[in-house]
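>>> Generate coordinates for the sequence data below:
(chains A, B, C and D)
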Protein chains: 2
Amino acid sequence: MKILIIEDEKELSDSIATYLASQSYSCDTAIDFNEAMRKTESLDYDCILLDITLPGGNGLKILESLKENNKNDGVLILSAKNSLDDKISGLNMGADDYLAKPFDLSELSARIAAIIRRKNFDGLNIIKFHNIEVDTQSQSVNVNGIPVTLTRKEFDLLLYFISNKKRVISKDAIARHLWGDEMGGNYDFIYTHIKNLRKKLSDAGDADYIKSIYGIGYKFSD
Amino acid sequence: MKILIIEDEKELSDSIATYLASQSYSCDTAIDFNEAMRKTESLDYDCILLDITLPGGNGLKILESLKENNKNDGVLILSAKNSLDDKISGLNMGADDYLAKPFDLSELSARIAAIIRRKNFDGLNIIKFHNIEVDTQSQSVNVNGIPVTLTRKEFDLLLYFISNKKRVISKDAIARHLWGDEMGGNYDFIYTHIKNLRKKLSDAGDADYIKSIYGIGYKFSD
DNA sequence: ACACAACTTCAAAATCTCTACAAATTCACC
DNA sequence: GGTGAATTTGTAGAGATTTTGAAGTTGTGT
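Below is the predicted model:
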């Protein structure tokens, strides 16, 4: 799960990132308006932590732009202002939740989990594709009723494929989704994880739904 | 056994918590709608005491959300209103029992015990998994007919595993179930208790049903 | 206050996963 | 078909997680 922390107080931002990393989220950070716009435009996040008061522009603009572009990243607003006004305008603009500073990291994490749950699965935890069932809560996968144990990266990969099924996904998008945006143009680990995932799925009697698109990436479909 | 007390009168909430703690339940509290939603979403309780009239939202909404998410926490409704209406709508929505304020703490405790008994064991006190028999009343365990004495944490752990058999359980879920939600990201005690539990079970001639899921948690199955 | 049991903390060893690199294969284009 | 680039596959070492044994702390009953 990828999270973007938009927050200008570097210390706070770092401590959030460290904590969320320990909860096995991968985090990017943005410290001003421009960096935030750049990252939200080019990448998809499962959840964005958005500080309203930001150098270079109002944080609500970022929210607005997300909605205009039909992105459906979850948004959790962080703000020192505990004013009802901010809360209301944020939620009206489509933010998913609001948290006033200062807050507990454990509370933050609980709310992020709630947002991601709601956003992705409409209250359900099981996503299916043909004979593959992915339970996002228990992080378990069944194929033809047979339980298949995947490693974390394999699970993330399969989940990403399934939630983008029938669409072509670039290796770059996969890389950024699973590892964040700081990585050279080396896709060796994608190749390896895909190989392992393919093997585990086919061992469970599955057709190979992971189609390679030469020069571009992959597509998950039948 | 974990109990959540959703009640905005802090004094009442505290006295319930103190009393139940003396009966060796572990209690969390929530004083308004949002806190209650957060805790019921992220944690599993054996029984939830639910005050209907709550700042921030109607308590019945919480009940509704529990049912939608297929949680099976037991629910005991507390309300000052002794009106038939409230009682009926609560029970219709799947609450397990109803208690009008003011009430005796001893009566409350008796009803909680009844709910937990019903919920977990359908009137029976013995849960089985293959050659393991867990008697929840006497807190005793038999493996292949041989009595095995477990400590309380070990017993809780085994009970949690058995009642969630064949599902992957995150270390986090285990931690929250056995210790509540205030704990850092340290799982050393889980490791130790699992080690001890495994040893006692295998000493009694059991296969190791406790499977480790690397990076996630455990699964109790064959 | 004492003894005993239960629980937690700590650190090492064992195990598993991820990444990096290299060889073999496949693909698109000529 | 030949060629170079891209992908697949195999393997080993680095890194992270879990297991384990043991020591330290807390709690309970007498």
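>>> C-alpha from now on. contacts and neighbour counts both.
Fine.
>>> Who are the contact partners of the nearest residue to A:I31 once chain neighbours are set aside?
Spatially, and ignoring its direct neighbours in sequence, A:I31 is nearest to A:D8 (4.4 Å; Cα to Cα, 6 or more residues apart in numbering or on different chains). By Cα atoms under 8 Å, 6 or more residues apart in numbering or on different chains, A:D8 lies in contact with A:A30, A:I31, A:D32, A:D51, A:L54, A:P55.
>>> I'd like those written out as a markdown table, with secondary structure, neighbour count and distance to DNA strand C added.
Shown next, in a markdown table, are these (DSSP: H, G, I helix; E, B strand; the rest coil; neighbours: other Cα atoms under 10 Å in any protein chain shown; distance: Cα to the nearest atom of the strand, whole Å):
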| residue | secondary structure | neighbour count | distance to DNA strand C |
| --- | --- | --- | --- |
| A:A30 | strand | 20 | 22 |
| A:I31 | coil | 18 | 25 |
| A:D32 | coil | 20 | 28 |
| A:D51 | strand | 25 | 29 |
| A:L54 | coil | 19 | 32 |
| A:P55 | coil | 13 | 33 |
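>>> Looking at the residues you listed, spot the one nearest DNA strand D.
Checking these against DNA strand D by Cα to the nearest atom of the strand gives A:A30 as the nearest, at 23.0 Å.
>>> how near is A:L4 to B:K119?
41 Å (Cα to Cα, to the nearest Å).
>>> Those two: which is more packed in?
A:L4 (25 against 17; other Cα atoms under 10 Å in any protein chain shown).
>>> tell me the average confidence for the helix or strand hosting that one?
Counting by DSSP states H and E, the element that carries A:L4 is strand A:2-6. The average pLDDT for strand A:2-6 rounds to 88.
>>> Next, the contact list for the residue nearest to A:Y25 when sequence neighbours are not counted, please.
Spatially, and ignoring its direct neighbours in sequence, A:Y25 is nearest to A:M1 (5.2 Å; Cα to Cα, 6+ apart). The neighbourhood of A:M1, defined by Cα under 8 Å, 6+ apart, consists of A:S24, A:Y25, A:S26, A:Y45, A:D46, A:D156, A:H177, A:L178.
>>> Report the secondary structure state of the fourth one.
Put plainly, it is A:Y45. In three-state terms, and counting by DSSP: H, G, I helix; E, B strand; the rest coil, A:Y45 is coil.
>>> Count the residues that sit near it.
23.
>>> doesn't A:K71 make contact with it?
No. If you go by Cα atoms under 8 Å, A:Y45 and A:K71 don't touch, sitting 9.4 Å apart.
>>> Is whatever residue of chain A ends up closest to DNA strand D in a helix, a strand, or coil?
Scanning chain A for the residue nearest DNA strand D gives A:G215, at 3.6 Å (criterion: Cα to the nearest atom of the strand). Three-state call for A:G215 (three-state DSSP): coil.
>>> What is whatever helix or strand A:L99 lives in packed up against?
Element membership of A:L99, judged by DSSP H and E, is strand A:97-100. The helices and strands touching strand A:97-100, judged by 3 or more Cα pairs under 8 Å, 6 or more residues apart in numbering or on different chains; DSSP states H and E, are strand A:74-79, helix A:84-92, helix A:105-121.
>>> if we go to 7 Å?
Applying 3 or more Cα pairs under 7 Å, 6 or more residues apart in numbering or on different chains; DSSP states H and E, we find strand A:97-100 packed against strand A:74-79.
>>> Quickly run through the sheet partners of the strand holding A:L4, with directions.
strand A:26-30 (parallel), strand A:47-51 (parallel) (DSSP bridges).
>>> lowest-pLDDT helix or strand in chain A?
Ranked by mean pLDDT, DSSP states H and E, the weakest helix or strand in chain A is helix A:84-92, scoring a mean of 68.
>>> Enumerate every residue touching the residue most central in space within chain A.
The geometric centre of chain A, computed from its C-alpha atoms, lies nearest to A:D46 (Cα atoms, centre = their mean), at 2.7 Å. Neighbouring residues of A:D46 by Cα atoms under 7 Å, 6 or more residues apart in numbering or on different chains: A:M1, A:K2, A:I3, A:D73, A:G74, A:I116.
>>> Run through those and flag the ones next to DNA strand D.
Contacts with DNA strand D within these, as defined by Cα under 7 Å from any atom of the strand: none are present.
>>> Just say helix, strand or coil for the residue of chain A found nearest chain B.
Residue of chain A nearest chain B, by Cα to the nearest Cα: A:S138 (5.0 Å). Judged by three-state DSSP, the three-state class of A:S138 is coil.
>>> For the nearest residue to it once chain neighbours are set aside, name its beta-bridge partners.
Leaving aside its chain neighbours, A:S138 sits nearest to B:V168 (5.0 Å; criterion: Cα to Cα, 6+ apart). With DSSP bridges applied, B:V168 shows beta-bridge pairing to B:K219.
>>> To what extent is B:V168 buried, counted in neighbours?
23.
>>> What of the one 4 residues further on?
With neighbours defined by other Cα under 10 Å, the count for B:D172 comes to 19.
>>> So what does it look like in phi/psi?
With angles defined as degrees, to the nearest 10, B:D172 sits at phi -60, psi -50.
>>> now it: how far from B:I216?
9 Å.
>>> A:D96 and B:G59: what is the separation?
21 Å.
>>> What are the buried residues along stretch A:152-161?
By neighbour count on 16 or more other Cα atoms under 10 Å in any protein chain shown, the buried set for stretch A:152-161 is A:E154, A:F155, A:D156, A:L157, A:L158, A:L159, A:Y160, A:F161.
>>> among those residues, which are within reach of DNA strand C?
Near DNA strand C, by the rule Cα under 7 Å from any atom of the strand, you find A:E154 out of the buried residues of stretch A:152-161.
>>> Redo the buried residues of stretch A:152-161 as CSV? Include distance to B:S202.
Shown next, in CSV, are the buried residues of stretch A:152-161 (distance: Cα to Cα, whole Å):
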residue, distance to B:S202
A:E154, 32
A:F155, 31
A:D156, 34
A:L157, 36
A:L158, 36
A:L159, 36
A:Y160, 40
A:F161, 40
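>>> out of the buried residues of stretch A:152-161, which are inside helices?
A:E154, A:F155, A:D156, A:L157, A:L158, A:L159, A:Y160, A:F161 (DSSP state H).
>>> pLDDT score for A:K200?
95.
>>> sorry, back to before: my guess is the residue nearest to A:I31 is in a strand, correct?
No. Looking at A:D8 with three-state DSSP, it is coil, so not inside a strand.
>>> can you tell me how far it sits from DNA strand C?
According to Cα to the nearest atom of the strand, to the nearest Å, A:D8 and DNA strand C sit 28 Å apart.
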